[in-house]
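Visitor: got a sequence here, can you build the structure:
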Amino acid sequence: MSKAGLELTGWVSYSEQQNQEKTKCSVLGLLWEPNSDLPVCDLRNISTEINDACSKRQLLSISQKIFDPIGFTAPVALIPKLLMQKAWKNSKLTWDQKLPPEIVEEFENWLSTLEFLKLIQFTRYFGYLVDEPTTNIYMFSDASGKAFAACVFFFFQN
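Guide: All right, here's what the predicted structure looks like:
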């Protein structure tokens, strides 16, 4: 590895003996709990405090700190994007001017719900469940004038 310029600085395994000091680690920008093999949403860099002059800049800065390349937080991340659209419709506002009170209130409500993202857990691998007697996949999609979404559920019955 060193010939390729890749220096090994540590590793994480499924072994609880190896991971006694690490309960979570970062993998491709996501937090991962190796003992349970669950990716979790990383909210450590998100400030839930907004200043008195909440602006477009602050709204965008805070809302874009949810890093989720997989997209499992997409329904939550949609709300501040819609708030940004509302803010831009008021073309008189610059990046650093105070937002209207109704947008600030909706943004504060959104910030207060972020703690629930810590409760979301999903298994990475479903392949070993395919041999179950009843395996169903349900797919839903919906669209409106503001957004569209799709969701897939796996149902396994033994």
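
Visitor: could I get the buried residue list for the longest helix along the chain?
Guide: Secondary structure of the chain per DSSP state H: the longest helix is helix 74-89. Under the neighbour-count criterion of 16 or more other C-beta atoms under 10 Å, helix 74-89 has Val76, Ala77, Leu78, Ile79, Pro80, Leu83, Met84, Ala87 buried. Backbone N, C-alpha and C define where each C-beta goes, glycine included.

Visitor: please apply the same query to stretch 36-56.
Guide: For stretch 36-56, using 16+ other C-beta under 10 Å, the buried residues are Pro39, Val40, Cys41, Asp42, Leu43, Ile50, Cys54, Ser55, Lys56.

Visitor: can you check stretch 108-119 too?
Guide: Neighbour-count burial for stretch 108-119, counted by 16+ other C-beta under 10 Å, picks out Trp110, Leu111, Leu114, Leu117.

Visitor: circling back: can you name every helix or strand that the helix or strand following the longest helix of the chain contacts?
Guide: Next helix or strand after helix 74-89 toward the C-terminus (DSSP states H and E): helix 101-113. With contacts taken as 3 or more C-beta pairs under 8 Å, 6 or more residues apart in numbering; DSSP states H and E, helix 101-113 sits against helix 56-63, helix 74-89.

Visitor: can you add mean pLDDT and give those helices back as TSV?
Guide: Listed next are the helices and strands packed on helix 101-113 as TSV, based on pLDDT from 0 to 100:
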stretch	mean pLDDT
helix 56-63	91
helix 74-89	90
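
Visitor: make a markdown table from these and add distance to Val104 to it.
Guide: As requested, those are exported to a markdown table (distance: least, C-beta to C-beta, whole Å):
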| stretch | distance to Val104 |
| --- | --- |
| helix 56-63 | 9 |
| helix 74-89 | 9 |
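
Visitor: to Phe140, which of the ones you listed lies closest?
Guide: Checking the helices and strands packed on helix 101-113 against Phe140 by C-beta to C-beta gives helix 74-89 as the closest, at 12.1 Å.

Visitor: can you dump the C-alpha coordinates of the closest one into PDB?
Guide: As requested, the backbone C-alpha atoms of helix 74-89 are provided in PDB (Å, rounded to 0.1, in the frame of the first residue of the first chain):
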ATOM      1  CA  ALA A  74     -34.200  13.300   1.400                       C
ATOM      2  CA  PRO A  75     -37.700  13.900   2.900                       C
ATOM      3  CA  VAL A  76     -36.200  15.900   5.700                       C
ATOM      4  CA  ALA A  77     -33.700  17.800   3.500                       C
ATOM      5  CA  LEU A  78     -36.500  18.900   1.200                       C
ATOM      6  CA  ILE A  79     -38.000  21.300   3.700                       C
ATOM      7  CA  PRO A  80     -35.200  23.900   3.800                       C
ATOM      8  CA  LYS A  81     -34.900  23.700   0.000                       C
ATOM      9  CA  LEU A  82     -38.500  24.700  -0.200                       C
ATOM     10  CA  LEU A  83     -37.900  27.500   2.300                       C
ATOM     11  CA  MET A  84     -35.000  28.700   0.100                       C
ATOM     12  CA  GLN A  85     -37.400  28.900  -2.800                       C
ATOM     13  CA  LYS A  86     -39.800  31.000  -0.700                       C
ATOM     14  CA  ALA A  87     -36.900  33.300   0.300                       C
ATOM     15  CA  TRP A  88     -35.800  33.700  -3.400                       C
ATOM     16  CA  LYS A  89     -39.300  34.600  -4.500                       C
END
